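>>> next comes the sequence, and after it the predicted model I'd like to discuss.
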Amino acid sequence: MPHNRSKEELEHFIRKLEQQALETAEEREPIYIKAGLKDASLILDVGCGNGAVTRDICNHTAGHVIAIDDSEEMVEIAGKMLVGVRNVTLCMGDAHSLPFRDNTFDIAICNLLLMWVREPQTVVNEMARVVKHGGKVVASLEPDFGGKIHWPPYEGVDEIFAGRAIKNRGGDPYIGRKLRMLFVRAGLKTEVGIGNMRIWSCQEDLQSYLKARDFYWNALRREGLSTEEIKKWEEHYIKSIEEGIEFNFFPQFYAIGVKE
């Protein structure tokens, strides 16, 4: 299972991926425009996951998209997600050793991938290798939980959602601040920026939480919290939303690198 998830956890994770794709669509679109996705002929989507962002990429280009993931199960799920999408081909492969020739693609793009891979520098190097000279490597969104801001605080839970749960899963919760380094060391002329500039309203926070409630509960259970402890936290969280004082933000960065 991806990231050592049980079958039930994987189902919640897949639903969360689709929710994230919808919630971040408006943030990714300017990145697609800046990267020239619309005019690219051949695009590589690295770590396509369940295919929700892949579908978005396909809708933003007249070119063909090759989508790759190292999980056979996720490729099958992506295949169902992408039924009817004509400009995409799915395949299996390891992002650390992409099964493509040098200088093949106009753009190689990933989304929320580098935080999970074993060796992010190797992955960016590989993306740079398979892109043509003058082509682009794009990380559309990578978070940095070290910059997470939440109010009012709740001891025992805030630190879990501020990166501890990601780290305990084997991910890097601070990958966002490393994007410039990863791209520059791959030999790319690099631009970095922050994708999510808008602060959500309390109601938007609540709607997002309720859609992914099972995902968050599973994360807290995995970190050792009892059902009673989670209920108390949830009551505190929803009460702050009802009072209109909830504030929740963590930065998500993008990087665009040109292969010279």
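Yes, it's here. On a predicted model such as this, the values are computed, not experimentally measured, just so you know. Numbers count the residues shown, from 1 in each chain.
>>> going forward, measure contacts between C-alpha atoms and count neighbours the same way
Will do.
>>> count the residues that sit near Pro173.
Using other CA atoms under 10 Å, Pro173 has 23 other residues around it.
>>> any idea how far the nearest residue to Arg221 once chain neighbours are set aside lies from Met197?
Leaving aside its sequence neighbours, Arg221 sits nearest to Thr227 (CA to CA, 6 or more residues apart in numbering; 7.6 Å). From Thr227 across to Met197, the span is 34 Å (CA to CA, to the nearest Å).
>>> which non-adjacent residue is nearest the residue sitting nearest the centre point of the chain?
Note on the chain: the residue nearest the mean C-alpha position is Leu112, at 2.1 Å, using CA atoms, centre = their mean. What sits nearest to Leu112 in space, not counting adjacent residues and going by CA to CA, 6+ apart, is Glu142, at 5.2 Å.
>>> do me a favour and get the backbone dihedrals for that neighbour.
With angles defined as degrees, to the nearest 10, Glu142 sits at phi -140, psi 120.
>>> wait, Asn111 touches Glu142, no?
Yes - with contacts counted by CA atoms under 8 Å, Asn111 reaches Glu142, the gap being 6.9 Å.
>>> more crowded one of the two?
Using other CA under 10 Å, the more surrounded residue of Asn111 and Glu142 is Glu142, with 26 against 21.
>>> identify the residues contacting that one.
Going by CA atoms under 8 Å, 6 or more residues apart in numbering, Glu142 touches 111-115, 175-176, 252-254.
>>> one more time with 6 Å, if that's ok
112, 176, 252-253 (CA atoms under 6 Å, 6 or more residues apart in numbering).
>>> any idea how far it lies from His64?
Counting by CA to CA - Glu142 and His64 are separated by 24 Å.
>>> then Ala21?
Counting by CA to CA, the gap from Ala21 to His64 is 20 Å.
>>> what does Thr104 give?
Going from Thr104 to His64 by CA to CA gives 12 Å.
>>> before we move on, what about Lys34?
Distance of Lys34 to His64, computed by CA to CA: 18 Å.
>>> who has more neighbours, Ala21 and His64?
Ala21 (20 against 17).
>>> and that one, that one's in a helix?
Yes - assessed by DSSP: H, G, I helix; E, B strand; the rest coil, Ala21 belongs to a helix.
>>> got the contact list for it?
Each residue near Ala21 by CA under 6 Å, 6+ apart is listed here: Val53.
>>> recalculate using a threshold of 7 Å.
Neighbour list for Ala21: 52-53 [criterion: CA atoms under 7 Å, 6 or more residues apart in numbering].
>>> repeat for His64
Contacts of His64 (CA under 7 Å, 6+ apart): 41-43, 87-88.
>>> give me the buried subset of the residues you listed.
Buried members of those, counted by 16 or more other CA atoms under 10 Å: 42-43, 87-88.
>>> name the nearest of these relative to Leu98.
Nearest to Leu98 among these, counting by CA to CA, is Ile43 at 13.5 Å.
>>> now do the buried residues in the host helix or strand of Cys58.
Using DSSP states H and E, Cys58 sits within helix 52-59. Across helix 52-59, burial judged by 16+ other CA under 10 Å covers 52-58.
>>> for it, packing partners?
Helices and strands touching helix 52-59, by 3 or more CA pairs under 7 Å, 6 or more residues apart in numbering; DSSP states H and E, are helix 7-23.
>>> and the helix or strand following the helix it packs on, what's buried?
The helix or strand immediately downstream of helix 7-23 is helix 25-35, counting by DSSP H and E. For helix 25-35, the buried set under the neighbour-count rule, 16+ other CA under 10 Å, comprises 27-29, 31-32, 35.
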